[in-house]
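Participant: Sequence first, predicted model second:
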Amino acid sequence: MNLEEQREFILTGAMYNDLTSELIEARERTVFLTNEYNNSFGKKTEEREGILKKLLKSIGNGVHFEPTFRCEFGYNISIGNNFYANFDCVLLDGGGIEIGNNVLFGPRVGIYTSNHATDAQERVNGACYAKSVKIGNNVWIGAGVHINQGVTIGDNTIIGSGSVVTKNIPSNVIAAGVPCKVIREITEEDKTGFML
């Protein structure tokens with residue numbers, strides 16, 4: 001299979017060979033592009049976003065990663081408007097990552113859409129499978145959060161620092177922990193009256 005065929009096959013969720021020459025070359029290309037993006041820190045927004053447009057599937061307006069940003073392929077990442085990721089963001093996007101509008105990531109947030117085979121010999125032979133991750137609008141992901149494959153996080157939700165998200169989290173809640181669980185709903189009482 002060529003790279004395009006492998007990309008489509010990975011998105012089916014079936015076991016795939018992570019060690020093909022095409023996928024290795026795709027990851028190498030991504031390292032060079034993320035290096036270029038990270039080294040462009042301090043340059044004009046248009047220049048930096050131009051690099052992201054070469055790297056990622058799609059981006060909205062106002063997409064910014066602090067250094068250093070890393071991803072596995074890039075071509076499976078879609079990001080909406082007004083996105084900010086603090087330092088050391090890692091997005092392993094084999095299964096696809098969709099991020100909505102007005103999303104904030106704290107430092108060292110990681111999203112991992114691929115997983116290795118459970119059987120040791122299959123794992124040695126490169127067997128992996130991938131499931132997508134989806135993050136809604138107006139979400140805040142705290143520092144050091146790890147989001148595992150197949151997870152959806154609903155709109156307006158906050159994920160507390162250090163959490164490991166292994167299951168879907170609904171909209172309009174605060175969730176935290178290892179594993180991450182809903183702590184409470186976000187209510188009108190959370191408003192402070194702050195206005196711009």
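Facilitator: Received the coordinates, thanks. Numbering: from 1, shown residues only.
Participant: Do you have the helices of the protein handy? List them.
Facilitator: 3-10, 21-39, 45-55, 120-124 (DSSP state H).
Participant: Give me the angle between the first one and helix 21-39.
Facilitator: This points to helix 3-10. 90 degrees (axes from the mean of the first three to the mean of the last three C-alpha atoms, to 10 degrees).
Participant: Can you lay out the helices of the chain as JSON lines showing mean neighbour count?
Facilitator: C-beta coordinates here come from the backbone N, C-alpha and C atoms, glycine included. What follows is these, written out as JSON lines (neighbours: other C-beta atoms under 10 Å):
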{"stretch": "helix 3-10", "mean neighbour count": "15"}
{"stretch": "helix 21-39", "mean neighbour count": "15"}
{"stretch": "helix 45-55", "mean neighbour count": "15"}
{"stretch": "helix 120-124", "mean neighbour count": "11"}
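Participant: right, so of those, which gets closest to Ile174?
Facilitator: helix 45-55 (29.9 Å; C-beta to C-beta).
Participant: could I have that closest one exported to CSV, CA atoms only?
Facilitator: Taking C-alpha atoms only, helix 45-55 is exported to CSV below (Å, rounded to 0.1, in the frame of the first residue of the first chain):
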residue,chain,number,x,y,z
THR,A,45,1.8,35.2,12.8
GLU,A,46,1.2,34.7,9.0
GLU,A,47,4.5,33.0,8.6
ARG,A,48,4.0,30.7,11.5
GLU,A,49,0.5,29.8,10.5
GLY,A,50,1.7,29.1,6.9
ILE,A,51,4.0,26.4,8.3
LEU,A,52,1.0,24.9,10.3
LYS,A,53,-1.1,24.9,7.1
LYS,A,54,1.6,22.7,5.4
LEU,A,55,1.8,20.4,8.4
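Participant: Tell me how far it lies from the chain's centre.
Facilitator: Per C-alpha atoms, centre = their mean, to the nearest Å, the displacement of helix 45-55 from the mean C-alpha position of its chain is 17 Å.
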